[in-house]
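[1] one predicted model, sequence on top.
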Protein chains: 2
Amino acid sequence: MSNHLPPFTLQPIGKIWTGFKSREECPRNSRFNKNQSIIEVDPAYADAFLGLEVGRHIAVLYWFDKADRTKLQTTPPNADKLYGVFTTRSPHRPNPIALSAVEILAIDGTKLTVSGLDCIDGTPLLDIKIYVPMIDAPQDALTSLPWSNKP
Amino acid sequence: MSNHLPPFTLQPIGKIWTGFKSREECPRNSRFNKNQSIIEVDPAYADAFLGLEVGRHIAVLYWFDKADRTKLQTTPPNADKLYGVFTTRSPHRPNPIALSAVEILAIDGTKLTVSGLDCIDGTPLLDIKIYVPMIDAPQDALTSLPWSNKP
């Protein structure tokens, strides 16, 4: 079916700076990075920042450009067997779009200082969206990871 | 800066079926759709489903292929002035990737029945990720929309 679907083109709008120089240095997930990160957006997109405020959370979408897009299964950290990549947060997936919700700590033109992200320096930025619990945080979601409550 | 960043290619992995035939029929956000939607994934990606279960929430990423990618500001519903698109959830943005967290209600091969989505029939699917509050729902996020608490 997807063979009949035309591809789309992503144009990166900036870069992310975390201080991590290799994938091995990166935390497993943004919530484990207690340092600050920088989101540097092309000044051409300055108008898209109108109304962003310090203290707000944003959903940041970025591109794991070193991912293996052919990998469909993986063994997550702390799991003891394979899971499909759709059941995980692995960077390896057909379209390696990464997603993290972070807090805006400072705004300087089109440069945002945010709470810690999980990617290497220079990772391409795709999108920024306001994060609001009533949109993004369903109240009835299970709190465990799929493999954390398995025998 | 982004002029120096190479583009990337998204390959849609399936389609979304909501029953909405035009953008005018679509709810403003997935949380307003109380009906069920169908996510139909190319069977080539069947291995990526291993471990997905009914009752789990997933983050669904899809592509608003009718969006205006040049639009950088918009007046959100219920707002009375312009905001930058990064401050909103508008489908119009440089890379129109849509994001919704929904619940898996049924699984039939590579076809998922999920809680309601907000897009028109045939919208291209990009990615599915497990949704877990400890990763996706920061506890200290402001609960209001940027324009809902403004004079």
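    Done, it's in. Residues are numbered from 1 along each chain as shown, chains lettered A, B, ... in the order given.

[2] A:Asp68 and chain B, how far apart?
    Per C-beta to the nearest C-beta, to the nearest Å, A:Asp68 is found 13 Å from chain B. The way it works is simple: take the backbone N, C-alpha and C, and place the C-beta from them, glycine included.

[3] ok, and the closest non-adjacent residue to that residue?
    Of all residues not flanking A:Asp68 in the chain, A:His92 sits nearest, at 4.6 Å (C-beta to C-beta, 6 or more residues apart in numbering or on different chains).

[4] the one you found and B:Pro7: what is the separation?
    21 Å (C-beta to C-beta, to the nearest Å).

[5] for the residue most central in space within chain A, give the beta-bridge partners.
    Centroid-nearest residue in chain A: A:Leu99, 2.7 Å away (criterion: C-alpha atoms, centre = their mean). According to DSSP bridges, the partner residues bridging A:Leu99 are A:Leu61.

[6] returning to that earlier point: hang on, isn't the residue nearest to A:Asp68 packed against A:Lys66?
    No: using C-beta atoms under 8 Å, A:His92 makes no contact with A:Lys66, being 9.5 Å away.

[7] neighbour count: the two, which is higher?
    Comparing A:His92 with A:Lys66 by other C-beta atoms under 10 Å in any protein chain shown, the one with more neighbours is A:His92, at 17 against 13.

[8] and the pLDDT for the more buried one?
    We have a pLDDT of 96 for A:His92.

[9] if I pick it, what's in contact with it?
    A:64, A:67-69, A:71, A:74, A:85 (C-beta atoms under 8 Å, 6 or more residues apart in numbering or on different chains).

[10] and if we set it to 6 Å?
    A:67-68, A:71 (C-beta atoms under 6 Å, 6 or more residues apart in numbering or on different chains).

[11] could those residues go into CSV alongside secondary structure, neighbour count and pLDDT?
    Shown next, in CSV, are the contacts of A:His92 (DSSP: H, G, I helix; E, B strand; the rest coil; neighbours: other C-beta atoms under 10 Å in any protein chain shown; pLDDT from 0 to 100):
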residue, secondary structure, neighbour count, pLDDT
A:Ala67, coil, 19, 94
A:Asp68, coil, 14, 97
A:Lys71, coil, 16, 98
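
[12] how about low-confidence regions in chain A?
    A:1-3, A:149-151 (pLDDT under 70).

[13] circling back: do you know how far the residue nearest to the centre of chain A is from B:Tyr131?
    As judged by C-beta to C-beta, A:Leu99 and B:Tyr131 stand 10 Å apart.

[14] equivalent analysis for A:Lys111, please.
    Relative to B:Tyr131, A:Lys111 is positioned 30 Å away (C-beta to C-beta).

[15] ok, A:Ile97 next?
    Distance from A:Ile97 to B:Tyr131, by C-beta to C-beta: 14 Å.

[16] pull stretch A:132-148 out as CSV, backbone CA atoms only.
    C-alpha atoms of stretch A:132-148 as CSV (Å, rounded to 0.1, in the frame of the first residue of the first chain):
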residue,chain,number,x,y,z
VAL,A,132,-1.0,21.6,26.6
PRO,A,133,-2.1,18.7,28.8
MET,A,134,-5.8,18.7,27.7
ILE,A,135,-4.6,18.1,24.1
ASP,A,136,-1.5,16.0,24.7
ALA,A,137,-2.0,14.1,28.0
PRO,A,138,-4.9,11.6,28.0
GLN,A,139,-5.9,11.0,31.6
ASP,A,140,-6.6,7.3,31.2
ALA,A,141,-3.3,6.3,29.6
LEU,A,142,-1.5,3.3,31.2
THR,A,143,1.5,4.5,33.2
SER,A,144,3.8,1.5,32.7
LEU,A,145,6.0,0.7,29.8
PRO,A,146,4.9,-2.3,27.8
TRP,A,147,7.8,-4.4,29.1
SER,A,148,8.1,-3.1,32.7
